[in-house]
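Undergrad: Build the 3D model from these lines:
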Amino acid sequence: MYKVFVKDIPIILSTEKNIGSLYTSIPLKLARFKKLIRKINDGQLVYVNLYHKNEEKIEKFLRKKLPFVEAAGGLVYNQKKEILFIHRNDRWDLPKGHIEKGESYETAAVREVEEETGLKNVVIKKFITKTYHVFKRNGKFKLKATYWYEMYTDYDGELIPQKNEGIKKVRWKNFEKTQKALKDSYENIKLLFPKEYLTTHPNDRVA
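TA: Now for the predicted structure:
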């Protein structure tokens, strides 16, 4: 199953025609992707399932529906097990950026993290997942696939936001602050985190 996010609303792409009574199910081959995006943006559509019997061909069809771009980024931990966040477009996000010609996903991920935050000595630990979201650039919708990696650094120096990329702040956040930041983040970013980060701590609940 894939999720393509449009303004934090996921379009589900699956191999099943029926995934729930709330969902409008459409064969992927017949989907008018741009029309669906406009309906979601206008609040006319919330639950959408595009299905195709062959899961391996889903991304291939997606690439035909919209201009396709690829990016890479990181979920970065330090020695204190804090997580690195950037603040851009009034939301907490994780560092990521476009893959340059000839770059591997891993090289691009490390480069973008270091450029956007001022970090050094960033090391990739493992691949996490690939996320998809739709964005609008120069009046045209595009589909972005981002390759995400778990990373580590022992760097404890100054954090420098890349202002020409619209980044206002770079912050290390502990478990509690990470939970708070995720409430003001993006749904596709939440897919990268272990479940405990998405659960309100018992002390924060109102009796």
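Undergrad: What segments of the chain are strands?
TA: Remark: strands assigned in the chain by DSSP state E are 2-6, 9-14, 24-27, 48-51, 68-77, 83-88, 91-93, 96-98, 123-137, 140-152, 167-173.
Undergrad: Go ahead and produce CSV holding the CA coordinates of the fifth one.
TA: Coordinates of each C-alpha in strand 68-77 appear next as CSV, following Å, rounded to 0.1, in the frame of the first residue of the first chain:
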residue,chain,number,x,y,z
PHE,A,68,8.0,13.2,-11.0
VAL,A,69,10.8,14.5,-8.8
GLU,A,70,13.0,12.7,-6.2
ALA,A,71,14.4,13.9,-2.9
ALA,A,72,16.2,12.4,0.1
GLY,A,73,16.5,13.4,3.7
GLY,A,74,17.2,12.2,7.2
LEU,A,75,15.8,11.5,10.7
VAL,A,76,18.9,12.5,12.6
TYR,A,77,19.8,11.5,16.2
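Undergrad: helices or strands next to that strand in the packing?
TA: strand 83-88, strand 96-98, helix 105-117, strand 140-152 (3 or more CB pairs under 8 Å, 6 or more residues apart in numbering; DSSP states H and E). Any C-beta I mention is one placed from the backbone N, CA and C, and that applies to glycine too.
Undergrad: what's the neighbour count on Leu66?
TA: For Leu66, the tally of surrounding residues (other CB atoms under 10 Å) stands at 17.
Undergrad: what residue ranges in this protein score low on pLDDT?
TA: Within the chain, the ranges that satisfy pLDDT under 70 run 199-207.
Undergrad: Can you pull the domain assignment for it?
TA: As given by automatic domain parsing, the domain ranges for the chain are 2-65, 72-130+140-204.
Undergrad: wait, which of the helices and strands packed on strand 68-77 is closest to Leu159?
TA: In terms of CB to CB, the element of those nearest to Leu159 is helix 105-117, at 5.7 Å.
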